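In: coords below, sequence missing:
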């Protein structure tokens, strides 16, 4: 299982870990025997047996290899023949290469190379952060109710979406693969922006926060869990052609995952707002990329994420996200296409007929 970076962010290999019962599926774990072989290291008995069998069956003389085909296999076929984990690495390389993080005023922006800013995030000031810390402390009263979710969501969020949409490798393997890739991209982007923005965790502002899980050592803003949860929610909405009711349900699932990080004591509500905006933007970009379409640019200013005054913190929940969602900064082009992502996206879409 590919575990997320320092924060332990969620589901970085949906196909391999969560679906161990389907290890016989070649797209899932490349078969149970090879998975066991990788876990246990070299199997000397198997190697000796294979060598003996080869000696006994290949006969005399040197076998002549068949000539290479005059042209390489078409890209679609090459992608199809790759093991899922290798395909993931190749496509993720393309997707990351099409993005960059650049300074933007007193904040930073995620750019689609050559196309403009997809997301711009401005950090909160000290007074806003101090007010937000008070909200973190107030959320502690929910810990007893949310503890099971908090613990599971340290490493897994997809089961909470699978409840709504019956996500299973037997039914939608390419959808799961696309989600895995999107979560990987969201993790990389989120960590780069955290590093650029450098917002301290709530526990550094007050020794009364008392988180119930280990506080990650990287920055707080934007929330990685919120980024990945809203990327998944929005991408599923794009793939399935979700109506308003389903979109609302997916948003509520993502928002609850994000809020649980505040309940745990490791994120401010404004971190979740920033992560939600970033996740939605990434999903819109990924959905537009295969057709060369545009995605709405988005922004969130942490310094204005409060009520009447900086000392009056604003909470985060699904309704707060719905209020932010219409706020866009213009359309951003897709940038350089990725053959691999286009192939995977179209295969995933085919699993959700209209």
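Out: Perfect, I can see it now. If you're wondering where the values come from, they're calculated on a predicted model, not measured in any experiment. Numbering: from 1, shown residues only.

In: Can you tell me how far residue 250 is from residue 95?
Out: Taking CB to CB, to the nearest Å as the measure, residue 250 falls 22 Å from residue 95. Using the backbone N, CA and C atoms, a C-beta is placed for each residue, glycine as well.

In: go on, residue 336?
Out: Distance, residue 336 to residue 95, by CB to CB: 10 Å.

In: the more surrounded of the two?
Out: Using other CB atoms under 10 Å as the criterion, residue 336 and residue 95 rank with residue 95 on top: 23 against 13.

In: Quick check: chain neighbours aside, which residue is closest to that one?
Out: residue 185 (5.1 Å; CB to CB, 6 or more residues apart in numbering).

In: Also residue 313?
Out: Counting by CB to CB, 6+ apart, residue 313 lies nearest to residue 131, which is 3.9 Å off, once chain neighbours are set aside.

In: again with residue 247
Out: Nearest residue to residue 247, sequence neighbours excluded (CB to CB, 6+ apart): residue 237, at 4.9 Å.

In: My guess is that neighbour contacts residue 248. True?
Out: No - applying CB atoms under 8 Å as the test, residue 237 and residue 248 come out as separate, 9.8 Å apart.

In: Between those two, which is the more surrounded one?
Out: residue 237 (21 against 14).

In: related to what we said a few turns ago, so where does the residue nearest to residue 247 fall, helix or strand?
Out: Per DSSP states H and E, residue 237 falls inside helix 224-240.

In: From the chain's centroid, how far away is that helix?
Out: In terms of CA atoms, centre = their mean, to the nearest Å, the centre of helix 224-240 is set 8 Å apart from its chain centre.

In: Kindly report the same for stretch 240-248.
Out: On CA atoms, centre = their mean, the centre of stretch 240-248 falls 20 Å from the chain's centre.

In: and what of stretch 172-192?
Out: For stretch 172-192, the distance to the chain centre is 4 Å (CA atoms, centre = their mean).

In: Likewise for stretch 296-307?
Out: The chain centre lies 21 Å from the centre of stretch 296-307; the measure is CA atoms, centre = their mean.

In: In it, which residues are buried?
Out: Within stretch 296-307, the residues scored as buried using 16 or more other CB atoms under 10 Å are 296, 297, 298, 299, 300, 301, 302, 303, 305, 306.

In: what comes into contact with it?
Out: Stretch 296-307 is contacted by residues 107, 116-125, 128, 131-132, 199, 221, 270, 273-274, 277-278, 280-281, 284, 310, 312-314, 324, 327-332 when judged by CB atoms under 8 Å, 6 or more residues apart in numbering.

In: just checking, which of the residues you listed belong to helices?
Out: Residues of the contacts of stretch 296-307 located in helices (DSSP state H): 128, 131, 132, 270, 273, 274, 277, 278, 280, 281, 284, 324.

In: give me the number of residues near the first one?
Out: By that I understand residue 128. 24.

In: cool, and the second one?
Out: Other residues within reach of residue 131 by the criterion other CB under 10 Å amount to 21.

In: go on, the one 10 residues further on?
Out: The local packing count at residue 141 equals 9, with neighbours defined by other CB under 10 Å.

In: so how far is residue 202 from it?
Out: Distance, residue 141 to residue 202, using CB to CB: 15 Å.

In: can you check residue 105 too?
Out: 25 Å.

In: Using the three-state scheme, assign the residue nearest to residue 178 when sequence neighbours are not counted.
Out: Leaving aside its sequence neighbours, residue 178 sits nearest to residue 348 (CB to CB, 6+ apart; 4.4 Å). Classification of residue 348 by DSSP: H, G, I helix; E, B strand; the rest coil places it in helix.

In: For residue 348, list the residues it contacts.
Out: Shown in contact with residue 348 (CB under 8 Å, 6+ apart): 172, 174, 175, 177, 178, 239.
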